[in-house]
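>>> For reference, the sequence and a predicted model appear below.
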Amino acid sequence: MRRLRFSWILFAGLFLSSVCALAATYRSMSLDALVANSDFVVYGRVASSHVAWDSVTKAIWTRTEIRVLEGAKGHLGNLIEVTEPGGVINGHGEFYPGTPQFRLNSEVVLFLYRAPGNRLRVVGSSQGIYVVSTDLSRGQRVVASAAEQLHTVHEAGSPSLQAEKTRAAAPQTLNSLLRTVREKAAER
């Protein structure tokens, strides 16, 4: 009986730890923080994506090519490669919760930093991606944070909680976001 109880406790502990491993929590980043922590901010279209094994890091990485339509901070070429951990090769996969995912031909605004290995990575996980779409009722290009599905931690007294509620209430136009990024980048 004692052995059965121990086995049940061990099973429950392993189950709960595996469930918790699938969740990810990120500290909410304001637009100011995204701009401040970015080396580059670009508006572009997802051109292609491929997955590769990296023998140096001994991990799977997904490399996504972005055709740059406009730069708002920093200068990059017309075609850049954003590299994020994870992906699937020959039926073997690595998945990291909150890691940015891109859809082919989608338009995005990306907040990027130069990581070790000369990789371009997204700042703040999916918080550094704004998906661009057309608001047919307004006839304008609008942006929405890709991190809306993520659970973020809001610190007591932090202005970011109010900013998040405000941003979610009214979609921001693409031109407005890019103008704001340029202004904030110029202040630094």
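That came through fine.
>>> Going by C-alpha atoms from here, please, whenever you check contacts or count neighbours.
OK.
>>> can you give me the helices in this protein?
With DSSP state H as the criterion, the chain has helices at 2-21, 31-36, 159-169, 174-187.
>>> By mean pLDDT, show me the worst of the ones you listed.
Lowest mean pLDDT within the helices of the chain: helix 2-21, at a mean of 42.
>>> who does Lys113 bridge with?
I think there's a mix-up here, since residue 113 is Tyr and not Lys. Going by DSSP bridges, Tyr113 is paired in beta bridges with Arg121.
>>> so how far is Leu177 from the residue positioned nearest the centre of the chain?
Note on the chain: the residue nearest the mean C-alpha position is Ser126, at 1.8 Å, using Cα atoms, centre = their mean. For Ser126, the distance to Leu177 (Cα to Cα, to the nearest Å) stands at 17 Å.
>>> Who are the contact partners of Arg188?
Arg188 sits next to Ala36 when contact means Cα atoms under 8 Å, 6 or more residues apart in numbering.
>>> before we move on, what about Arg103?
Shown in contact with Arg103 (Cα under 8 Å, 6+ apart): Val46.
>>> Next one: it from Ala146, what distance?
Taken as Cα to Cα, the span from Arg103 to Ala146 is 12 Å.
>>> Overlap of the contact sets of the two?
With Cα under 8 Å, 6+ apart as the test, Arg103 and Ala146 reach no residue in common.
>>> wait, doesn't Lys184 sit right on Val35?
Yes: at 6.9 Å, Lys184 counts as touching Val35 under the criterion of Cα atoms under 8 Å.
>>> Pick out whichever of these two has more residues nearby.
More crowded of Lys184 and Val35, by other Cα atoms under 10 Å: Val35, with 25 against 15.
>>> That one against Arg182, yeah?
No: contact criterion Cα under 8 Å: Val35 and Arg182 do not qualify, at 9.0 Å.
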